[in-house]
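> need a 3D model of the sequence below.
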Amino acid sequence: MQITTNKKIYFASDQHFGAPTPELSFPREQKFVAWLDEIKGDADTIFLLGDLFDFWFEYKTVVPKGFIRVLGKLAEIRDSGIPIYFFVGNHDLWMDDYFEKVLNIPIYRENQEYIFGDKTFLIGHGDGKGPGDIGYKRMKKVFTNPFSKWLFRWLHPDIGVRLGHYLSVKNKLISGDEDVKFLGEENEWLILYSKRKLETKHYNYFVFGHRHLPLKVPVGENSEYVNLGDWIGYFTYGVFDGETFELKKFE
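Sure, this is the predicted structure:
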């Protein structure tokens with residue numbers, strides 16, 4: 001892809017809207033909408049790298065209520081002609097075709113490769129990548145199994161959404177009981193994953209979410225791993241101007 005002159009590519013992830021309660025989430029939703037309003041003037045493309053919602057499940061004719069300001073702003077930006085790409089995270093992994101059919105926003109479940117100008121990118125949410133976390137990888141296989149999704153669909157939406165939200169909000173990253181710290185390059189799974197990918201193909205940037213910690217770490221010659229942080233405590237995002245990638249904080 002060629003970036004339009006004076007335009008930029010924006011990246012954000014891990015908003016977890018709806019957690020820990022809709023009321024407490026609402027100010028964060030307002031802040032995210034304000035950010036979208038700010039960037040839409042010079043945005044060439046917007047990438048949302050998963051966990052936009054703390055829980056999301058699409059029944060045939062029902063989606064979770066709320067988030068109307070966020071969804072409306074995404075629809076407005078997309079209707080203006082700015083491409084938006086969404087990567088499913090582990091909290092909204094039961095997303096189906098609502099974004100594609102209603103908002104005209106394509107969704108992806110696996111990493112995707114892009115070339116912007118002369119820079120190569122590998123982009124994804126980041127869950128289940130790299131060594132370790134065997135328990136989660138097994139759980140993800142169960143939850144992404146079509147039979148599991150079919151069973152859950154038989155729950156009435158009032159029960160299913162409430163149950164899903166209850167389980168999702170138990171995540172300590174949202175409740176604030178867990179202090180997210182850098183574990184060192186030898187213990188950060190996505191850094192190890194990025195270095196392993198470089199053994200077979202070069203990328204200038206590996207851009208992921210999931211970790212909830214803003215990071216920008218060299219992983220090879222002219223290659224960096226970037227984690228976008230979150231919109232819970234950091235309110236950070238990535239921006240690429242065609243030459244360099246920066247992590248910024250939205251005040």
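> so what's Ile105 up against?
Leu74, Arg78, Ile84, Tyr85, Phe86, Phe99 (CB atoms under 8 Å, 6 or more residues apart in numbering). Just so you know, the C-beta spots here come from the backbone N, C-alpha and C atoms, and that holds for glycine as well.
> repeat that with 6 Å
Under the criterion of CB atoms under 6 Å, 6 or more residues apart in numbering, the contact partners of Ile105 comprise Arg78, Ile84, Phe86, Phe99.
> show me the two of those that sit farthest apart.
Of all pairs drawn from those, the widest gap by CB to CB lies between Arg78 and Phe86 and measures 10.6 Å.
> what about Asp54, how many residues nearby?
When neighbours are counted by other CB atoms under 10 Å, Asp54 registers 25.
> surely Val33 touches Ile68?
No: contact status for Val33 versus Ile68: not in contact, 10.3 Å apart, counting by CB atoms under 6 Å.
> which one of those two is surrounded by more residues?
A side-by-side neighbour count of Val33 and Ile68, using other CB under 10 Å, places Val33 first with 16 against 9.
> name the SS class of that one, please.
Using DSSP: H, G, I helix; E, B strand; the rest coil, the structure places Val33 in helix.
> give the buried residues for stretch 87-106.
Judged by neighbour count using 16 or more other CB atoms under 10 Å, the buried positions of stretch 87-106 are 87-96, 99, 103, 105.
> and the furthest pair within those residues?
Based on CB to CB, the longest span within the buried residues of stretch 87-106 runs between Asn90 and Leu103 and measures 21.1 Å.
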